[in-house]
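>>> sequence and predicted model, in that order:
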Amino acid sequence: MYMVKKEFHFIDTHCHLEDDEFNSRIDMVIQKASTQKIGMISSAIRPDTWEKGHQISKQYDTVFLSIGLDPIQYQYVSEASEFISKNKDEIVAVGEIGLDHYRIRDHRQREAQANAFKNLIEIARELSVPIQVHSRSAGKKALDILEDMEAVNIHMHAFDGRSSYAQKASRDLGYYFSIPTSIVRSRQKQKMVKAIEIERLLLETDSPVLGPEKGERNVPSNITIALDEVSKILQREKEELREIILANTLRLYQRIK
Ligand SMILES: [Zn+2]
């Protein structure tokens, strides 16, 4: 068996193709993106969807697998570690993993969540793969844990913290930040994109959520909408920016070939 070098124009660095939202349309959705030369990193984050995500990535050569754990399901951390280890040669990343202080309010539960996060950071380190980080209402806390652990190859997805934190982490620690399609309707993302070092910029759709229209199902082929918006905000030529972002993506995701 050999790998075919793919000529991607874009990589949607974070989406959830195993989500039930896609069930009957999965083939259509992936074909549409593939025709536009869009590669996809699909992140399966629940015990009941890991295997489904794994199968999808085996079926389509434009889909790459990331295995993580929804931060509200921190109690499944050992199952997650086990699934990741079992499929260690087939994943391109660990994630999304992280903290969700929006959905978890209790102090002790937040502590357990942080411990699960740390455990999975260790696994990613052992495997030398990038980490996709979820940090809802806990941006600073997540960055502090990563820095304390001297974690490397970090991809902060849909970061909702302050622009100044994103600026510092991208500049001083070399963390990557992906801008979702929802940038067209999010002032926070519009502000943040200007703060991130351009060499650390990635794009994502987070499909089926975070679409350009609130509440409407998002798809990986919408990644071009994120590029259009970023190009407008940064006042950089679209094609030049696309090349920079693709180079950033392939620099971080070395298992994508
Ligand atoms: Zn996600």
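Happy to help now that I have it.

>>> show me where this protein has its helices.
Using DSSP state H, the helices of the chain run over residues 26-35, 50-59, 77-86, 107-127, 139-148, 163-172, 187-195, 223-234, 238-252.

>>> helices or strands next to the longest one in the packing?
Using 3 or more C-beta pairs under 8 Å, 6 or more residues apart in numbering; DSSP states H and E as the contact definition, the elements that helix 107-127 packs against are helix 77-86, strand 91-100, strand 131-136, helix 139-148. C-beta here means a position set from N, CA and C on the backbone, and glycine is covered the same way.

>>> who does the second one pair up with?
This means strand 91-100. Its sheet considered, strand 91-100 pairs with strand 63-67 (parallel), strand 131-136 (parallel) by DSSP bridges.

>>> quick one: average pLDDT of that strand?
Throughout strand 91-100, pLDDT has a mean value of 98.

>>> contacting residues for residue 60?
Residue 60 is in contact with 30, 34, counting by C-beta atoms under 8 Å, 6 or more residues apart in numbering.

>>> change it to 7 Å
residue 30 (C-beta atoms under 7 Å, 6 or more residues apart in numbering).

>>> on that earlier part again, let's have the helices and strands packed on helix 107-127 in a markdown table, adding mean neighbour count.
Listed next are the helices and strands packed on helix 107-127 as a markdown table, based on neighbours: other C-beta atoms under 10 Å:
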| stretch | mean neighbour count |
| --- | --- |
| helix 77-86 | 17 |
| strand 91-100 | 26 |
| strand 131-136 | 26 |
| helix 139-148 | 18 |
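
>>> out of those, the one nearest residue 194 is which?
Closest of the helices and strands packed on helix 107-127 to residue 194 is helix 139-148, at 16.8 Å (criterion: C-beta to C-beta).
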